[in-house]
Structure formats: C-alpha cells, structure tokens
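**Student:** coords please:
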Amino acid sequence: MKIFFKIILIISISVIFIDIGGNLFNFKPRLVIVKPRLWMGSNHTNLNVGWYTWHGADHLYENEIHYEQTNGFLTRGKKPDKKIKKNIILLGDSSVETSHRLNEMPENYLRNYLNKTNVISFASWGWGTDQQYLHLKKYINKIKPNHVILWFSMNDIGENEAKYGMGPKPTFSLKKDKNNNYYLSGPNKMPGKNYLEYSYTYRLLNKVIGKLKLKYYRSYFDYLKNCEDNNSNNYVNKDELLNNYYNEEIYEQDKLISAHFEKAYGNKPEDINTFPSFKEWKKNIYSSFLTENKKISKIFSEEALMDPLIYNRLIISKEMEEKEILTNKLLLKIQDLTNEHQGSFHIILPFLPGRPEFHKSFNDNKVYLYCFKNREFVYSNEAFDQKLDRVFEGINNVLIISLEDFHLRKYDLFDGHLSREANKYVIKKLSEYIREFDD
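**Tutor:** Below is the predicted model:
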C-alpha cells in the first residue's frame, strides 16, 4: 500500500513540475487564451467550450458589435416580441449569424416575409449540429416554437466529430449496443470554461494522443481498387474531372474574394496586381489535388486530402460513414426535441452550383473514374444525393433551395459566404415553403 501511494506521489509531483516547466518556458503545445483581432472584448476564447457570437466582423460597421446584439439567449439577433405568439427558431452557424449588419441577418428577412412572427437565431460561427442541439435543448421551452428550422452546412458532417472548432467544443460520439447498433453517447463536456486547458500536461497528452491517432489512421487510398493507367479509356483525365470548378469563372470569383480589402480572421488581402494568372492558379490547384493537407491533418488527427470533390465520392471510408451516422443521429435528436415541444422541424440546404466542396460537382449524371497513385477514385452527382439520403434519413421535412436561377452575385467578398442578395433569395423561398406548410 505504501508503494502505491509513493507511486501516486511521484506521478503527481512529476505532473506539477511538467506543468510549471511547460507553461513557464512556453513549450509547445502552448496556451493561447485570446486571438486579439478576433476575440477582443469577448469570452470567445479557446478556453471556452461552446462559444457564442463571432467578433471577426465587429470592425466592419459602426455600432455593430456582435456580442452586444444578443437576443436574450446568448446568440446574435433581435429579441423576440412577447406580444407575438408565433415563434420560429433558426438554427445554424455562420450562415445564420453572418458578418452582415444586424438588420441584414437571415432572421430579419424571414421576419419581414412572414406576418406577426418572431424569428430567433440560435447560431454562431463554427457551430456544428452538436452545439445547435445543446443550445436548443437549453432554451426551447422558453420559446415554444411553432417551427425549428436548421440551416444545414455540409461541413457540419466533419465538425460534429471534431473536438475543436473555434475552441474546444461539446462532442458526442458513437457507441454500439449488444446488437451492434450505433447509439449516441455524450456530450463529453458542456458549454463553459475548460480550466484543464491551463494544464501543460493536459495539452501535451492531447497532442500525443492526436499524433498516435494520425499515425495509425487508415488512409482513404486503402478503401480503393487498384488501377494501372489513367490514360486508359475507362478513366478521365484531371482536366475533365476538375474543369467544372477550376475554370475562369471560378478563378475570377476567387480573385475578387482573395483581393477584397477586408478579410475574415484578420488575414491580409492578396494584392490583385500580383495575384496568379489563371494558368498559374489552375496549375497550383491541379498539382495539389489529392495530396495531403498536413496542417489540417495535424489539427484534426486524421488524413485530410486536398479533394474538393469529397462529397461526391461514391466510395466512402469507415470514418466518413461514422461521421454521417453521428450527424444523422444528432439531427434526429433535434427533430425529436422539437416534436416533444409541439413544434415542427425542418432542414434547409441552399444549393450552390459550382461549389463542389459542398455540393454537386458535375453538369451531368456520369460516373467519373480517375486513376491516381494506382488507386481508382470514383465520383458522381449520384454519390452526393446518396450522402444526403444517409444524413437526412428519418427527417420528415427537408427543403433544398437551388441558387441556379439566382443571377446576382452569390458570394460575400469579405468571407465568401452567401451575399445579402443571395440570403434574401434563400429566405424568400423558405418563407413561401413555411406559408404552404402552415396552410
């Protein structure tokens, strides 16, 4: 027994010395409490689990400080009018909070399109379905919404599994029951201060665990069939595969966004005079296709290939399958929670043509076979549809809104999200859908 206590004492003293030494000499992984340009004057730091409101756009407009514009539920938006009985909750992330003015948020457009209806945003930049669910669960009984509308983003599929976003976040996980069926477990932590981040030992252990996970991560290449020659008639070349996205129209759009005088996250705009030519831009992108993004791989401790067609892959990895199942189960939790409170749950997905990293990549329904490093990659629009079927399985109301017929500028030059005009278009379609649903 004495030996046991000695071992515990030695370990405890060692941890204390490691913590003091690591923090004193600022060894990696370092503690970064505040990123000044983004998080100044807010509680939105990497120590906060489940953050609220974004501050990277506070400097854009006078008297438009996001954390000063909260709706009584910690998130950005207008406070509901208590005299109005009909309530709609708009769940989401940056697409709902936006970097636009308060009166240019999607909630305000929807409020204007509908009569005598409160629209309350439950959203913040970087939120996944997990944070949306927890926030809704906390406040739904105070609002008693007629409708809960979730603005879905395809990147939620990956973010729901990640332990960090704009700081540590609540994370659910999948476990299997005795019948080998998946069920949700968690969350592993709740919104609030994560004091463990102050511990160098805690940060070091997380770093080591992450490196080990990455080292033994099964590559996507291992799921694919062998192939011999990309020049075969069975396979398309790189230009056939990517030209629908990496063309002159997208180049000009990328150039405008990259060189815009104001950038999100404190990034400096590129000089439009030295911006690469279309030929150089295309060459750089083509050369990086299907190579590993090592920076992203280290952050998320998983293989991250430079593949804008990821949501159009016909063959998915086990890891992607589990991310889809996790997302589906979280969406079903939100639907069940809404139904329990006598509301109806809806998902909207704005469909952006020409953005294959989030949506359909091709102009036809052909299956594209591409041979790379002796592995056969298979892409199609049908694969994207199948992914949506899996992620939205069991969801009663899904509205996909195409912007194909919207011919004004679709993207905001500050951060690349939907423009004000595009948001108005989406919300008008949503309001028509809600009116029809209520009739």
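**Student:** care to break the chain down by domain?
**Tutor:** The chain breaks down into these domains under automatic domain parsing: 1-30, 36-223+316-356+381-438.
**Student:** distance between the last one and the chain's centre?
**Tutor:** The reference is to domain 36-223+316-356+381-438. The chain centroid and the centroid of domain 36-223+316-356+381-438 are separated by 7 Å under C-alpha atoms, centre = their mean, to the nearest Å.
**Student:** right, and the helix or strand after the lowest-mean-pLDDT helix or strand in the chain?
**Tutor:** When the helices and strands of the chain are scored by mean pLDDT, DSSP states H and E, helix 36-39 comes last with a mean of 39. Using DSSP states H and E, the helix or strand that follows helix 36-39 in sequence is strand 48-49.
**Student:** now the strands for the chain?
**Tutor:** 48-49, 86-92, 117-123, 147-151, 164-165, 167-168, 173-176, 182-185, 192-193, 344-351, 368-372, 375-379, 398-402 (DSSP state E).
**Student:** and those as JSON lines, adding mean neighbour count and mean pLDDT?
**Tutor:** No exception for glycine: its C-beta is placed from N, CA and C like everyone else's. JSON lines is the format used below for the strands of the chain (neighbours: other C-beta atoms under 10 Å; pLDDT from 0 to 100):
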{"stretch": "strand 48-49", "mean neighbour count": "20", "mean pLDDT": "80"}
{"stretch": "strand 86-92", "mean neighbour count": "24", "mean pLDDT": "98"}
{"stretch": "strand 117-123", "mean neighbour count": "26", "mean pLDDT": "98"}
{"stretch": "strand 147-151", "mean neighbour count": "25", "mean pLDDT": "98"}
{"stretch": "strand 164-165", "mean neighbour count": "18", "mean pLDDT": "81"}
{"stretch": "strand 167-168", "mean neighbour count": "19", "mean pLDDT": "80"}
{"stretch": "strand 173-176", "mean neighbour count": "12", "mean pLDDT": "96"}
{"stretch": "strand 182-185", "mean neighbour count": "13", "mean pLDDT": "96"}
{"stretch": "strand 192-193", "mean neighbour count": "12", "mean pLDDT": "80"}
{"stretch": "strand 344-351", "mean neighbour count": "21", "mean pLDDT": "95"}
{"stretch": "strand 368-372", "mean neighbour count": "20", "mean pLDDT": "95"}
{"stretch": "strand 375-379", "mean neighbour count": "20", "mean pLDDT": "96"}
{"stretch": "strand 398-402", "mean neighbour count": "16", "mean pLDDT": "94"}
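**Student:** Out of those strands, which gets nearest to Lys294?
**Tutor:** Nearest to Lys294, of all the strands of the chain, is strand 164-165, at 17.1 Å by C-beta to C-beta.
**Student:** which residues sit against the closest one?
**Tutor:** Residues from elsewhere that reach strand 164-165, judged by C-beta atoms under 8 Å, 6 or more residues apart in numbering: Asn46, Gly126, Trp127, Gly128, Glu159, Ile299.
**Student:** strands paired with that strand, and their directions?
**Tutor:** Take DSSP bridges as the rule and strand 164-165 pairs in its sheet with strand 167-168 (antiparallel).
**Student:** returning to what we had before: out of the domains of the chain, which gets the lowest mean score?
**Tutor:** Here the lowest mean pLDDT among those goes to domain 1-30, at a mean of 85.
**Student:** Most tightly packed of the domains of the chain?
**Tutor:** Stretch with highest mean neighbour count among the domains of the chain: domain 36-223+316-356+381-438 (a mean of 18; mean count of other C-beta atoms under 10 Å).
**Student:** Mind jotting down where the helices sit in this structure?
**Tutor:** Here the chain has its helices, by DSSP state H, at 2-24, 36-39, 94-97, 106-113, 129-143, 156-159, 200-215, 238-242, 248-259, 278-288, 294-300, 318-340, 381-391, 420-438.
**Student:** how about the CA coordinates for the last one, as PDB?
**Tutor:** The C-alpha coordinates for helix 420-438 follow below in PDB (Å, rounded to 0.1, in the frame of the first residue of the first chain):
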ATOM      1  CA  ARG A 420     -27.000  39.700 -48.800                       C
ATOM      2  CA  GLU A 421     -28.900  39.400 -52.100                       C
ATOM      3  CA  ALA A 422     -28.500  35.600 -52.100                       C
ATOM      4  CA  ASN A 423     -29.600  35.300 -48.500                       C
ATOM      5  CA  LYS A 424     -32.800  37.300 -49.400                       C
ATOM      6  CA  TYR A 425     -33.400  34.900 -52.200                       C
ATOM      7  CA  VAL A 426     -33.000  31.800 -50.000                       C
ATOM      8  CA  ILE A 427     -35.200  33.200 -47.200                       C
ATOM      9  CA  LYS A 428     -37.900  34.200 -49.600                       C
ATOM     10  CA  LYS A 429     -38.000  30.600 -50.800                       C
ATOM     11  CA  LEU A 430     -38.100  29.500 -47.200                       C
ATOM     12  CA  SER A 431     -41.000  31.900 -46.300                       C
ATOM     13  CA  GLU A 432     -43.000  30.500 -49.300                       C
ATOM     14  CA  TYR A 433     -42.400  27.000 -48.100                       C
ATOM     15  CA  ILE A 434     -43.400  27.800 -44.500                       C
ATOM     16  CA  ARG A 435     -46.600  29.500 -45.600                       C
ATOM     17  CA  GLU A 436     -47.500  26.500 -47.700                       C
ATOM     18  CA  PHE A 437     -46.600  24.100 -44.800                       C
ATOM     19  CA  ASP A 438     -48.900  26.100 -42.400                       C
END
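**Student:** orientation of that helix relative to strand 86-92 in degrees?
**Tutor:** Interaxial angle of helix 420-438 relative to strand 86-92 (axes from the mean of the first three to the mean of the last three C-alpha atoms, to 10 degrees): 130 degrees.
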